[in-house]
Every structure is written in structure tokens, then in C-alpha cells.
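Peer 1: Just a sequence and a predicted model for now, questions to come.
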Amino acid sequence: MKDPIELVRKNILALAPYSTARDEYTGPIGVYLDANENPYDNGYNRYPDPYQKELKARISEIKGVPVKNIFIGNGSDEAIDLVYRVFCDPRIDNAVSIAPTYGMYKVAAATNDVEFREVQLRGDYSLDVDGLLGAVDKNTKVMFLCSPNNPTGNVFPVSDVERLLAGFDGIVVIDEAYVDFSEEEGWLYRLARYPNLVVLQTLSKAWGMAGLRLGLAFAREDIIALFTRVKYPYNINGVTQRIVLEQLNKDIAGQVEELNGQRRKVVEKLSENPLIRGIYPTDANFVLVKVDDPKGVYDELIRGGVIVRDRSRIKGCEGTLRITIGTPEENVKMLAILDRMAAEK
Ligand code: PMP
């Protein structure tokens, strides 16, 4: 197995990162005349901590991962972009991923001018491990996986992912944005075993903080240090740092249980509706369903004031709509529209 540092772009290894006077000195200071800030305190006049030390300490406690293995990004989308910027030379290197999956792996590849190779999931949305390994060549630096996968909802078996980790000599990213809704334990606790593994999580889903923009990457210390070196210095603003710290004291277990209970109810009700031709197994806070007329169903839901995600134009998702689990009242409203449509048919 290659040392992940061998995969890093040469310009990134050579980079001298931006530094501040506050990096050079950490002792007691009462007068800050180093950063050209406005000195009058309004709650926001100072730059935030570029290393998010307090936040990382708290996330370390919650996740059971040492601070040195944690990167905090402006959404997971920042971490996805950084993976390309750190490891992939534009127009030379490539990334391999599954399809269908979360769209940003492809968009970030395009903005970084990195070739993106997609390997279709099988009909049952299982991983084509041999297909993925077959798509790799000497310039493949990264493989993006997403488990539970968006938009299909399923978790990939440990044995399949282990084959990819063992068989691919590059960085394997596992995006676990929806892991808090899953019975499976995910990959965080296996981090120490795989030097080439990067796990992404986010506070945007189960933690209910999509509006604050906070994503997490967990990896070996030297990979995290590279992300930190390349990121914008103040990527997490001070308001977000403060509110997230507060919000992390909440216990989300009850709400996750409630949403998972709602998911079971929604799935049960949908399965009784003749409009619904298929319901895919889900470990996330959404469910992908198959219908004969996705556009018609989508439009009728819109007329009723409910928006879902039409995924029917995506290869491998023909005829499908992705429905997020809402509050009990919201779910009832959505189900009632579908029941009425079925009754009028
Ligand atoms: N990963 C997956 C799989 C997602 O579905 C999403 C959002 N839809 C994200 C990442 C984005 O997360 P963030 O809000 O942290 O950027």
C-alpha cells in the first residue's frame, strides 16, 4: 500500500501556508493590534479561531476521535473540494465513484478539471466492486463512496468496502452524511486501520444544522494537516463556531429515533399505495420510491404544497422520487396527496 503522502500534489506539499501573528504567539494578550480589525466589540469584530480548537475538542469527545484526526469544513462540500485540491493534478489525475450518488463529487471534479469516472451500481443498488477496481488506472488518486448512499438510501456491506480499501492504492472517501440514521456503525472506529481512508460526516442532517454549514472529515493526522494547510484560514465563521458549540450540547438521539419511527410509518403507508411500484431499503432520513409517472406524481405533490426530489432523469433511478422524512404532520400531508391520487385513478 502506497503511503498517502506519496499521492499528494507536489505544489501542495511545497506550499507555505498563510499564517497569522496569532499562530506565532499563544500567551496571554490583552491588546490585539495585529490583524487590522476594528477594535470596538460588537460580538463579531474579531477574526474567529482558524483552527476551531474548542469546537474540535467537543467534536472529539462526541465522536471518540482525537483532535488531530478531525478537519472542520464549511459543509462537507468544502472537504470534498479539498480532497481534489490536495490529491488530484488537474487534467492528469482522475477519481472513480459510484453512480447514482451525491452530485457534488462530480461537480467538484469538474471545477478542479479532474476526470470523473462513474461505475453504475447494480440493479439492486449494490456495489460493483470489480467494476470499481477495473475503472482504476495509475492516475486514479481518489475513490468516492457514499454510505448510506444518496439517493438510493442503502448502506454498503463492510466486506465490499474492505475489498475496495485493500484493492485500491489511493484515497478512499466514505461519505457518511446519513450515518446517524443507520443501525450500522460506520467507518470512524476503523480509521486507525486504514491509512488511505477519509470519512466525511456533516451536522446538516441528523444534527439539524444545515443552515450553519459545518462538515467534518476524519483521517490520518498528515492528511488532516494537508486539508488545514490548503483551506481558507477562516473557513468556519465565528457565529457558526459559537452556535454549533451550543447546539452540540443537545441530545439528538430522541429526534433521530422519532425520525426513524416516522420512516418506518411512511414506508408502511407507501407500501399500501398502488401508485408506489417499489420502495428501496433505506438507512437514511429519506426513501427512494418508484412510480409509473414520476412527473405526474411530482406535479400533484407540488400542487398540494409538498416538494420532493424528482430523481427520475438520473441513470439507474428511472421512475423514482426521493422523499425526505418530515414531521408527522408533514408526512401525513404527503401521504394524503398520494392516497387521493391513487383513489382518483
Ligand atoms: N454528502 C451527502 C451524501 C449529501 O447528501 C449531502 C447533502 N445533501 C452532503 C454531503 C452535503 O453536506 P453539507 O451540508 O455538510 O455540505
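Peer 2: All right, it came through fine.
Peer 1: The spatially closest residue to L121 that is not a sequence neighbour and the ligand, how far apart?
Peer 2: Setting aside the residues directly before and after it, L121 is nearest to I98 in space (Cβ to Cβ, 6 or more residues apart in numbering), at 5.6 Å. All C-beta spots, glycine's among them, are computed from the backbone N, C-alpha and C. Here the distance between I98 and the ligand works out to 11 Å (Cβ to the nearest ligand atom, to the nearest Å).
Peer 1: what's around I98, how many residues?
Peer 2: One way to gauge burial is a neighbour count; for I98, by other Cβ atoms under 10 Å, it gives 25.
Peer 1: what's the answer for N36, then?
Peer 2: The local packing of N36 (other Cβ under 10 Å) involves 6 other residues.
Peer 1: so it sits in a strand?
Peer 2: No: N36: not assigned to a strand; according to DSSP: H, G, I helix; E, B strand; the rest coil it is coil.
Peer 1: Would you mind measuring from it to Y51?
Peer 2: Between N36 and Y51 the distance is 20 Å, computed by Cβ to Cβ, to the nearest Å.
Peer 1: again with D169
Peer 2: D169 sits at a distance of 31 Å from Y51 (criterion: Cβ to Cβ).
Peer 1: next one: N149
Peer 2: 32 Å.
Peer 1: neighbour count winner among the two?
Peer 2: Legend: neighbour count by other Cβ under 10 Å for N149 and Y51, higher for N149 (26 against 15).
Peer 1: Following the chain past the helix or strand containing D160, name the next helix or strand.
Peer 2: Element membership of D160, judged by DSSP states H and E, is helix 158-167. For helix 158-167, the succeeding helix or strand toward the C-terminus, using DSSP H and E, is strand 171-175.
Peer 1: pLDDT averaged over that next one, what's the number?
Peer 2: Looking at strand 171-175 alone, the average pLDDT works out to 98.
Peer 1: Please list the outside residues in contact with the following helix or strand past that strand.
Peer 2: Using DSSP H and E, the helix or strand that follows strand 171-175 in sequence is strand 197-202. Outside of strand 197-202, the residues that reach it under the criterion Cβ atoms under 8 Å, 6 or more residues apart in numbering are 63, 75-76, 79-80, 83, 165, 171-177, 179, 186-188, 190-191, 214-219, 223.
Peer 1: what does stretch 275-285 give?
Peer 2: Here stretch 275-285 makes contact (Cβ under 8 Å, 6+ apart) with 125, 148, 150, 152-155, 178, 181-184, 205-206, 259, 263, 267, 270-271, 287-292, 297, 319-320, 324-325, 338, 341-342, 345.
Peer 1: Just the ones of the residues you listed in strands?
Peer 2: In strands, defined here by DSSP state E, the members of the contacts of stretch 275-285 are 287-291, 320, 324.
Peer 1: Most neighbours of all these, which one?
Peer 2: When neighbours are taken as other Cβ under 10 Å, the top entry among the ones in strands among the contacts of stretch 275-285 is V289 (27 neighbours).
Peer 1: That one: what's it in contact with?
Peer 2: 270, 276-280, 320-321, 323.
Peer 1: Of those, grab the buried ones for ChimeraX.
Peer 2: Provided next is the ChimeraX selection string for whichever of these are buried by 16 or more other Cβ atoms under 10 Å:
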select :270,276,279,280,320,321,323
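Peer 1: Save the contacts of V289 as JSON lines, and put in distance to the ligand and pLDDT too.
Peer 2: What follows is these, written out as JSON lines (distance: Cβ to the nearest ligand atom, whole Å; pLDDT from 0 to 100):
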{"residue": "L270", "distance to the ligand": "21", "pLDDT": "98"}
{"residue": "I276", "distance to the ligand": "23", "pLDDT": "98"}
{"residue": "R277", "distance to the ligand": "24", "pLDDT": "97"}
{"residue": "G278", "distance to the ligand": "21", "pLDDT": "97"}
{"residue": "I279", "distance to the ligand": "19", "pLDDT": "98"}
{"residue": "Y280", "distance to the ligand": "15", "pLDDT": "98"}
{"residue": "T320", "distance to the ligand": "15", "pLDDT": "98"}
{"residue": "L321", "distance to the ligand": "16", "pLDDT": "98"}
{"residue": "I323", "distance to the ligand": "14", "pLDDT": "98"}
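Peer 1: Max pairwise distance over the contacts of V289: which two?
Peer 2: Across those, no pair lies farther apart than R277 and I323, at 14.2 Å, counting by Cβ to Cβ.
Peer 1: Which residues of the stretch 201-345 of the chain lie near the ligand?
Peer 2: Counting by Cβ under 6 Å from any ligand atom, the residues of the stretch 201-345 of the chain lying close to the ligand are 202, 204, 210, 215.
Peer 1: What subset of those is buried?
Peer 2: 202, 204, 215.
Peer 1: Show me the shaky parts of the stretch 51-200 of the chain.
Peer 2: Residues of the stretch 51-200 of the chain meeting the criterion pLDDT under 70: none.
Peer 1: Now do T240: how many residues are near it, please.
Peer 2: Using other Cβ under 10 Å as the criterion, T240 is surrounded by 21 other residues.
Peer 1: Pull out the buried positions in the host helix or strand of it.
Peer 2: Assigned by DSSP H and E, T240 belongs to helix 238-247. By neighbour count, and taking 16+ other Cβ under 10 Å as the criterion, the buried residues in helix 238-247 are 240-241, 244.
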